[in-house]
Each structure stands twice: as structure tokens, then as C-alpha cells.
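Asks: Got a sequence here, can you build the structure:
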Amino acid sequence: MSKDVPIRIIYFIVLAGLLAGCKKNQIGTFSLLQVSVGEEALALDGTIMDGLPLDRSITLVFSQPVDQSAANAAITLNRNGESVAISLAFLSEGASVVVHPNGPLLSNTTYTLSVSEQLRSADGGRGSTYDVQFKTMIKDLQVVAIEMDGENIGQNDVLTGIPAGLGMTLRFSSPLDPATVQQAITLEGTTGTSNIQTVLATDAQSVTLVSNAPLEGLTKYELHISDALVGAGGEGFSGFTKAFYTAIDPTPKFPVIPDEELLTLVQRQTFSYFWDFAHPASGMARERNTSGDLVTSGGSGFGIMALIVGVERGFISRSQGVERLERIVSFLETADRFHGAWSHWINGNTGAVMPFSANDNGGDLVETSLLMQGLITVRQYLTTSTPVEKRLVDRINALWQAVEWDWYRRDGQEVLYWHWSPDKGWIMDMPIRGWNECLITYVLAAASPTHGIPKTVYNNGWAGNGDIRNGATYEGIALPLGAEYGGPLFLSQYSFLGIDPRGLSDEYADYWTQNVNHTSINYQYCIRNPRRYVGYGESCWGLTASDNHEGYSAHSPTNDLGVITPTAALSAFPYTPDKSMDALKFFYYAMGDRLWGAYGFYDAFNITEQWFADSYLAIDQGPIIVMIENHRTGLLWDLFMSAPEIKTGLQKLGFSSPRL
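Replies: Predicted coordinates:
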């Protein structure tokens, strides 16, 4: 036992020494082994590495884990003597420190990464101090943000609502050479280059644009930055273009007047199309303001109804109205007819058919029904106690009774056909089936005292034994009849210039609900504006058939080209009076300098395309006058629905109405 004691003592002494030696080594110095920017390793001997990437993190690798609380103060990044904000992340239990600059590095700039004596290892060991320098690559300048009121809007596909004073700030990826800014930035509008100021920020990395004169409202501008722009560090710029649209100019373009006066003004100005611009020989309505001798049968029916409004509103005298009606009726009596039906287009001098298309050179039953709607309405307006008016009534009755509606059943089929031609026959092959603008055709065909059709033709042909129904919901609104989203708005307008939809129903629909909902769906779609067209909104809405920047189309939610047509919202006055009045005020006061002309509102416009029609179409102008009047007084509804044949025809087809 006595020999073992010293050996144990020696063992413990040696073990204690070893442990003490290990602890001493752990607390000793530690070192920085590597610094890299992305995958590029930096020199630790003071050599400045050049051409390093701008968008990579900086990684430091130490021989031992670091004290993370000390690292946040000991590791810094600066450029040109100014501190750069950074955040740290720790990997490998703290032996690797990742430095994330709070923002992109600038190109062609020298940075210094410093590790101070404050840094300790996790166990308290001291390390050396380091200053590692590197220079970033020269990278092309980029526009990194477009700001309005501090908000970055540059990521938007279309910039809208830009104020007239501009006040737009452009932020770049690196500071700019001030000498190159003004000449490189230009603004192009519809009338040429706009005069703008460029205000360079103190950091030379952002430019604010200010217009020296107010920009035009709802106008497209293009901001161009040329390759003459140079960065402060010699960075190049490849060029930049961004289109934007200015906000509405709220200044009224015409004196503000009471709403009722505005309605009368619109009716009077639009009436001029059918009065002043009517064909001088026939008195009929020209198809459009460039049509010369070409007149339209359906548009003339709308114009005939407008004559009644003109007389009642005092735009013309009753004797003037009667004289014009005599001229029109005389023309219609001698114009080409095809089993009593007129063609779509007619020569206003000769009365000869003018083909609407290669095979459409005969009778057009739908256009005839729109014309006859007007003639029956004016017949009810005339008084038989006056000889001249009594003669007109008799002549209109003769025209009415001569239309062979039953002929257009095409050999007794349970449907009406749209066209027939003496030399083309039924080649157009277009059965008239609902839901569209042709309800008036079936009502008149059923109402004819000489060539009527039975209810089976209405049920099987027009209604398709119920196929006319829709019943789906669009924009949160149920649609009783028709195609998806209801189609263009003229479908709820043309037939109802005369047919009063209030309380009107049959086995397929309540027609007031149908027309109000159809219009409301169109309105809500324009507000939602899924295709992001410029200008659409609560006061700028209405999709229907009209001219457009590419020609002509039946615009609707399923055929939306960015085209707003004033007649769509204005002819919907009975259905959506408040929404239609908002649209009217917008068209007149906000857009009147571009939309208002000699015959009222031009046909259509597309703010996105900066296109504004210079055209007028009879079928678009007529419903504006008539439907505003129906909204105000119900005049045309009262007259048309007072016709005994119309009552009989509606009852025959199974309609119910307070007027029947």
C-alpha cells in the first residue's frame, strides 16, 4: 500500500496539469480564417479585391465560434467613411458569421469590412483586428422604384391617376452623374414633349420629376430615359420607357347647370342629328355622320320617336314635326320593300335597297320592326281630328298592315327569319331567336292585324321552349334571360323604346327585373374592371355595340376592348337613373372637351388607347333621346303601349302588364 500512494498522487497531478493546459488553450487567441462575398474569397492582407458582385451576402469564417452579442458591435461595414446598415446571421454554432447589408450594394464602390478588438470567441478568447476592403463591379444603372407619395407604384403594369403636377420620384440602383440627368429624361404626351424639371436628391440616387405646366387630364404620357444617363461611378444605362395616365381633370368643361336642364340639353343637342342632319330628300336618318345618301331603316324608327320628343320639348313646332313625318312616310311608301319589309340600308334619294352585305340585299325584318315601332308610336301621337294628321295615320296604317310578318316564317316554320332577298332567297339563314334586341319583332308580328303569327312561333322560335332562360348570377346579380353577363346593353334598350317593361312579364321573365339586372351587371363589371382598362369606374361605364379603335364591335363584359359608349349608360336612364346621371355628368363636364359635339356625344372612346370617336350613329343617338324621355315622363312608353294592336299582341303571346 505504501508504494501505491505516490503513484496516485503523481497521476492526479499530471491529469490536473493536462486539464489546465487545455483550458488555457481554449481561452487563448482565435483568428479570422476567410472572408468571401458570395463565392469570391477576399484577401486578408490588405489587398483590395475588385469587381465583386452587388447582390451577395458577406461571409466571415473564424477558427472558433464567436460571442454573438459582441459580434453585433464588433463587425461593421462602411463605404467612403459612412456606416452601412447590416444584420448578422450565425452558422456552424457561431463559427461562421453572415453579413447582410440592409439594401443593395452600390456598384463601382469601395467597401471596408471591419472586425474590431471588441470581438471575442464564445469562451472569451481575443482575436486580431481586421480591415478587409473590396470594390464592387461596375453594373448598369437600373430604375429600382417609381414612387408617388412615398409608395412604389413601379411594379404596376399600368400607372394611372398620376396628378397634373407630376411629382413622380425615380429611384436608381446607384448614384447618378448630375450632369447627365436633365438631358436624359423626357416626357412625351399626345401634343408633344412636355416641359418638366428634374430634381436630384442629395444622395444622387433618386430624381423627382415636376411638370412646369399642368398635364392634361386622363391622358397617356410616356416617360423616356435615354442611354445618355450615366452613374456617378461610370455606370451605363440601357434606356427606359414607362407609360402612365394622368388623373381626371375635375374642372368642368362647361358651365354646371341643374340636372333637369342638362337632360334637356342632351336631348336637344342629340335631336339635331335627326333634324338638322336628316337626309334632305327623304327625311330619314343617315346611318352615320359620313353616310352621304345612305339612310337606315331601324335608325330612322328611333329618329321618328325622337321627333315626338322634339315637339313635346319645344325643339321644333308640331307643324314642323308633321311636315317631316309626311316626307318620311312618302319616302317609305315608294322605297323598295320585300313582302312589306324594308331593307337595312336604303338610298335616301331613290328608295332603292343598298346592300348591307353581299347577301343582304332584301328585306330585313328586325330593322323593319324598329322602324315600325317608331311609326306606330307616332301614329298614336297624331290626332285624327286634324285632317293632315288623320291622313298620316291612315298612311302609316297602310304601311303597317303591308308587312308580311308571316312570310318571314320561311314556309311556315315555328320561327321568324331575319332576312329574305328576291335573288338570294333565304341564303342569310338567320332565324331570330332570343335573347337579343328582337323581342319587338315578335311582339309586332303577333300584333299584326293582317299577317300575324301564333304564340307557338314565339315559344318555339324566340324563346326556344325555355332555352332563352339564364338564371345564373354575375357580379352578384341574377340574370333571368340571355347569354353570359347579358351581352351588350342595347339588348335591353332597342325593343324597350316603345315596349314598357314596368310590370311586364310572361312565363319566361319579369322584364323590368331583366333590364335592370342586365344594366347593373354591366355597371358592376366596369367598376371591377378585371382587364384594368384606364378610366372605368362609377362614373365611366357602359359597354354596348359601337365604333372602336379597331372598327366596330358589340362590346360587352365578354367582349371588352376598353371602349366606353355613352349611349350604353344614357339609354339606361330608366333602369339606373342615379348611375346614369353620374355617367352623364362625367361625359359632359369631365370629358366634354373630347366627347361633346354638334349632335351630342360622339359615339365612343377608349382612354387606354387614347382614342375618341368623331362619329355619330343613328342607332346610338336615337335611344339616348327616347330613353331619357321615358325616364322623365314615360311619353314613348305611354304612346306605344296605347296602341290596341300592341295590347292584343302582348296578350296573345302570354304577357301580363298593368297596361293590358
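Asks: As a check, name the ranges of all helices in the stretch 551-660 of the chain.
Replies: 566-570, 577-585, 592-595, 618-632, 635-641, 644-652 (DSSP state H, counting those that start in this stretch).
Asks: sorry, that was for the stretch 351-500 of the chain
Replies: Secondary structure of the stretch 351-500 of the chain, counting by DSSP H, counting those that start in this stretch: helices at 365-381, 387-402, 439-447, 455-457.
Asks: According to the record, where do the domains of this structure fall?
Replies: 27-136, 143-246, 259-652 (automatic domain parsing).
Asks: Pick the most deeply packed of those domains.
Replies: Among the domains of the chain, ranked by average contacts under mean count of other C-beta atoms under 10 Å, first place goes to domain 259-652 (a mean of 20). The way it works is simple: take the backbone N, C-alpha and C, and place the C-beta from them, glycine included.
Asks: Let me see the mean pLDDT of that one.
Replies: For domain 259-652, mean pLDDT is 98.
Asks: and the end-to-end length of it?
Replies: 41 Å (C-alpha to C-alpha, to the nearest Å).
Asks: centre of the chain versus it, how much separation?
Replies: How far domain 259-652 lies from its chain's middle: 25 Å, per C-alpha atoms, centre = their mean, to the nearest Å.
Asks: How about stretch 165-181?
Replies: Worked out by C-alpha atoms, centre = their mean, stretch 165-181 lies 31 Å from the chain centre.
Asks: tell me how far the ends of that stretch are from each other?
Replies: 19 Å.
Asks: before we move on, the earlier item: with distance to Gly103 as added columns, please give the helices of the stretch 351-500 of the chain in TSV.
Replies: Output for these, formatted as TSV (distance: least, C-beta to C-beta, whole Å):
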stretch	distance to Gly103
helix 365-381	66
helix 387-402	80
helix 439-447	65
helix 455-457	75
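Asks: Indicate which one of the ones you listed is closest to Pro255.
Replies: Counting by C-beta to C-beta, Pro255 lies closest to helix 365-381 out of the helices of the stretch 351-500 of the chain; the figure is 33.5 Å.
Asks: same for that closest one, what does it pack against?
Replies: Here helix 365-381 touches helix 297-312, helix 318-334, strand 341-342, helix 387-402, helix 439-447, helix 635-641, going by 3 or more C-beta pairs under 8 Å, 6 or more residues apart in numbering; DSSP states H and E.
Asks: among those, which is nearest Pro566?
Replies: helix 297-312 (15.2 Å).
Asks: how much space is there between the residue nearest in space to the middle of the chain and Val158?
Replies: By C-alpha atoms, centre = their mean, the chain has its centre lying nearest to Tyr533, at 2.8 Å. The gap separating Tyr533 from Val158 is 9 Å, by C-beta to C-beta, to the nearest Å.
Asks: Common neighbours of those two, please.
Replies: Residues touching both Tyr533 and Val158 (C-beta atoms under 8 Å, 6 or more residues apart in numbering) are Thr608.
Asks: Tell me the spacing between the nearest residue to Val256 once chain neighbours are set aside and Ala341.
Replies: Leaving aside its sequence neighbours, Val256 sits nearest to Tyr589 (C-beta to C-beta, 6 or more residues apart in numbering; 6.8 Å). Counting by C-beta to C-beta, the gap between Tyr589 and Ala341 amounts to 43 Å.
Asks: do Leu215 as well
Replies: Distance from Leu215 to Ala341, by C-beta to C-beta: 53 Å.
Asks: same deal with Ser546?
Replies: Look at Ser546 and Ala341: by C-beta to C-beta, they are 26 Å apart.
Asks: so Asp560 touches Tyr533, yeah?
Replies: Yes: between Asp560 and Tyr533 a contact is recorded at 7.4 Å, counting by C-beta atoms under 8 Å.
Asks: Out of the helices of the stretch 551-660 of the chain, which is closest to Gln267?
Replies: helix 618-632 (5.1 Å).
Asks: quick one: contacts for Asp500?
Replies: 630, 634, 637-638, 640-641, 657, 659.
Asks: can we see that at 6 Å?
Replies: 637, 641 (C-beta atoms under 6 Å, 6 or more residues apart in numbering).
Asks: Equivalent analysis for Leu382, please.
Replies: Leu382 makes contact with 389, 392-393, according to C-beta under 6 Å, 6+ apart.
Asks: quick revisit: quick one, what contacts the closest residue to the residue nearest to the centre of the chain other than its chain neighbours?
Replies: Among residues not flanking Tyr533 along the chain, Gly562 sits closest, at 3.9 Å (C-beta to C-beta, 6+ apart). By C-beta under 6 Å, 6+ apart, the contact set of Gly562 is 533, 606, 608.
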